[in-house]
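> structural data only, the sequence is not supplied:
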């Protein structure tokens with residue numbers, strides 16, 4: 001040890017001698033230190049100027065919170081307790097999702113293929129497993145039209161093109177024609193200007209992913225943004241979270257207005273930085289069914305020279321027809337100058353087969369940023385419009401056939417009936433003691449909350465009467481997404497809500513039990529990684545044979 005100290009002392013003396021002989025080294029050290037201090041100070045100053053003190057503090061608070069809970073969970077006693085509780089929860093989840101025992105399991109290919117006569121009853125057995133009778137119209141969203149001639153037409157088209165793949169337009173030119181026409185028809189519905197364009201995708205999530213990817217690549221190429229951000233309301237669809245997670249974009253959530261549940265425009269203005277590539281508005285939002293102010297968002301987007309995406313996935317085949325149906329909305333489509341992209345799902349209120357969506361752009365140059373091209377692949381020049389390579393031409397054909405069957409007048413008719421049913425439910429439930437409706441029912445979603453009792457109790461009671469609603473959080477609420485099938489039982493829903501609420505109000509302070517209690521408690525967990533763990537476990541259980 002003494003030898004090391006002597007060597008260190010000698011080294012220090014040597015450095016001092018060098019500094020005396022070459023005084024500029026000492027000055028250089030000062031300049032380097034000054035440079036580092038100034039660089040750090042400028043970085044902090046720009047961070048505060050660009051993002052604002054509140055956002056910077058919020059981000060640091062979140063980071064510290066995540067690190068704190070991660071550290072706490074490493075304490076042996078805490079880890080053991082959490083593991084024990086999580087094991088119990090996952091056991092219950094797996095039990096709830098247990099596959100039916102009366103249907104044979106096939107974990108390997110059968111030695112010899114089954115015959116048609118053997119397979120048909122087996123297929124029908126799988127269909128009968130569901131305990132939810134969506135045919136009754138008591139389910140929120142999910143199935144938007146039900147059985148009928150439109151299904152026969154769509155199924156015929158899908159079967160006719162069941163082997164087709166639009167990746168090969170030379171082999172299946174008919175599918176290529178149908179896809180181009182679906183996009184053109186939807187663009188026309190949204191009052192697209194000359195030069196506007198779009199593509200079909202597998203669903204609303206992919207449409208949103210593609211819009212985010214296109215804006216990201218555009219902003220990098222045109223504006224040089226390498227740390228992109230998107231500003232959207234906390235009520236925006238989770239597909240935007242997924243898109244940002246996939247594509248390395250930071251999603252900046254801003255609050256909604258307390259009463260209207262629309263995006264807080266002031267918060268949007270404050271959230272925009274030099275890295276913002278796009279703002280998002282929903283028409284309508286999934287949780288509470290309200291329409292954001294697209295015209296004001298457009299002004300913000302134009303002022304900053306950024307994109308504006310309008311998410312119409314949920315109401316894609318309602319909102320374009322509402323004016324003709326007698327329920328006009330403030331302008332939200334391509335007639336608003338700042339709108340650069342729109343997502344719309346035909347497979348909801350367009351009554352087409354599942355797996356049909358359209359993403360639209362105001363100009364072709366923006367759509368080009370969505371595409372993927374590999375010009376130097378040894379297998380040949382490869383290019384695709386969206387995430388998938390091979391796609392099901394059957395879905396495109398079914399979508400085209402459904403839209404052709406309905407026509408403009410058909411969609412106006414169904415829109416009229418659906419909006420009338422939603423308005424009827426709103427008028428009947430708005431004065432029921434103990435519950436309230438979030439925001440104003442503008443399209444097809446009625447979201448219910450309560451300041452008196454746990455709203456999940458109402459959901460549970462309605463479930464016993466055959467209703468299958470969506471449970472929401474932050475704040476606790478439930479909603480019914482009115483479909484064409486719901487229009488036939490809207491009065492039943494009103495009656496059931498009134499009767500169930502009346503029973504709950506006799507003992508409003510009673511605690512929730514079962515799944516209702518679990519859903520309510522999950523919101524109170526400060527460590528969201530536990531909820532993340534349970535959700536992933538749920539998906540794992542789905543894949544357990």
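Nice, I can see it. The model shown is predicted, which means the values in this text are computed figures rather than measured ones.
> what is the neighbour count of residue 432?
Using other CB atoms under 10 Å, residue 432 has 16 other residues around it. Just so you know, the C-beta spots here come from the backbone N, C-alpha and C atoms, and that holds for glycine as well.
> same check, this time on residue 396
Residue 396, neighbours per other CB under 10 Å, totals 30.
> tell me the spacing between it and residue 162.
Distance, residue 396 to residue 162, using CB to CB, to the nearest Å: 12 Å.
> quickly find the element holding residue 540.
Secondary-structure assignment from DSSP states H and E places residue 540 in helix 528-542.
> and that helix, what does it pack onto?
helix 53-72, helix 76-96 (3 or more CB pairs under 8 Å, 6 or more residues apart in numbering; DSSP states H and E).
> got the buried residues for the longest one?
Counting neighbours by 16 or more other CB atoms under 10 Å, one finds that the buried residues in helix 76-96 are 82, 90, 93.
> can you give me the helices in the stretch 101-250 of the chain?
116-127, 149-160, 173-189, 204-218, 239-247 (DSSP state H, counting those that start in this stretch).
> mean confidence (pLDDT) on stretch 266-276, please.
Averaged across stretch 266-276, pLDDT comes to 96.
> which residues touch that stretch?
50-52, 55, 225, 227-231, 250, 252, 254-255, 279, 297, 300, 304, 306 (CB atoms under 8 Å, 6 or more residues apart in numbering).
> mind running it again at 6 Å?
Residues from elsewhere that reach stretch 266-276 (CB atoms under 6 Å, 6 or more residues apart in numbering): 50-51, 225, 227, 229, 231, 252, 254-255, 300, 304, 306.
> so which of those is the most crowded?
Result: residue 231 is most packed of these (other CB under 10 Å), 28 neighbours.
> for that residue, what are its contacts?
252, 268, 271, 276, 279.
> relative to residue 306, how far out is the fourth one?
As judged by CB to CB, residue 276 and residue 306 stand 5 Å apart.
> now residue 436
Counting by CB to CB - residue 436 and residue 306 are separated by 36 Å.
> now swap in residue 254 and tell me
15 Å.
> what does residue 252 give?
From residue 252 to residue 306 the distance is 12 Å (CB to CB).
> same question for residue 299.
Counting by CB to CB, the gap from residue 299 to residue 306 is 12 Å.
> ok, now residue 359?
From residue 359 across to residue 306, the span is 18 Å (CB to CB).
> with residue 532 instead?
With CB to CB as the criterion, residue 532 and residue 306 are 31 Å apart.
> could you list the low-pLDDT ranges of the stretch 51-200 of the chain?
51, 53, 55-56, 59-63, 65-66, 69, 73, 78 (pLDDT under 70).
> can you rerun that using 80?
Scanning the stretch 51-200 of the chain for pLDDT under 80 picks out 51-74, 77-86, 89-90, 92-93, 96, 147.
> next helix or strand past the longest helix along the chain?
Longest helix of the chain, by residue count under DSSP state H: helix 393-429. Following helix 393-429 in sequence order, the next helix or strand is strand 436-437 (DSSP H and E).
> contacting residues for residue 300?
Neighbours of residue 300 in contact, by CB under 6 Å, 6+ apart: residue 268.
> check it and give its pLDDT.
Predicted confidence (pLDDT) for residue 300: 98.
> quick check, it in a helix?
Yes: the assignment for residue 300 by DSSP: H, G, I helix; E, B strand; the rest coil puts it in a helix.
> measure it to residue 442 for me?
Taken as CB to CB, the span from residue 300 to residue 442 is 21 Å.
> please apply the same query to residue 102.
Between residue 102 and residue 442 the distance is 46 Å, computed by CB to CB.
> let me have the contacts of stretch 266-276 in a markdown table, extended by distance to residue 412.
As requested, the contacts of stretch 266-276 are exported to a markdown table (distance: CB to CB, whole Å):
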| residue | distance to residue 412 |
| --- | --- |
| 50 | 47 |
| 51 | 46 |
| 225 | 42 |
| 227 | 45 |
| 229 | 39 |
| 231 | 34 |
| 252 | 38 |
| 254 | 35 |
| 255 | 36 |
| 300 | 32 |
| 304 | 37 |
| 306 | 35 |
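> how many neighbours does residue 490 have?
When neighbours are counted by other CB under 10 Å, residue 490 comes out with 22.
> repeat that for the one 4 residues further on.
Residue 494: 17 surrounding residues under other CB under 10 Å.
> and it, helix, strand or coil?
helix.
> residue 123: how many residues sit nearby?
8.
> cool, residue 384 as well?
Residue 384 has 17 neighbours, counted by other CB under 10 Å.
> go on, residue 477?
22.
> same deal with residue 444?
28.
> read off the pLDDT value for the closest residue to it other than its chain neighbours.
Closest residue to residue 444 apart from its sequence neighbours, by CB to CB, 6 or more residues apart in numbering: residue 482 at 4.5 Å. pLDDT for residue 482: 97.
> can you check residue 513 too?
So residue 513 comes in at 67 (pLDDT).
> again, but for residue 541
At residue 541, pLDDT is 88.
> state the distance from it to residue 126.
From residue 541 to residue 126 the distance is 18 Å (CB to CB).
> what about the two, which has more around it?
residue 541 (17 against 10).
> wait, doesn't that one sit right on residue 96?
No: using CB atoms under 6 Å, residue 541 makes no contact with residue 96, being 8.1 Å away.
> wait, a helix at residue 355?
No: counting by three-state DSSP, residue 355 is located in no helix; its state is coil.
> before we move on, back to that, the residue nearest to residue 444 and residue 442, how far apart?
Per CB to CB, residue 482 is found 12 Å from residue 442.
> what about the two, which has more around it?
residue 482 (30 against 24).
> tell me the spacing between the more buried one and residue 408.
21 Å.
> ok, residue 162 next?
29 Å.
> list the buried residues of stretch 376-391.
384-387, 391.
> just give me the closest of these to residue 470.
Within the buried residues of stretch 376-391, proximity to residue 470 (CB to CB) peaks at residue 387, which comes in at 26.4 Å.
> over to the closest one. Which of the three states is it?
Going by three-state DSSP: residue 387 is coil.
> give me the distance between it and residue 33.
In terms of CB to CB, residue 387 sits 50 Å off from residue 33.
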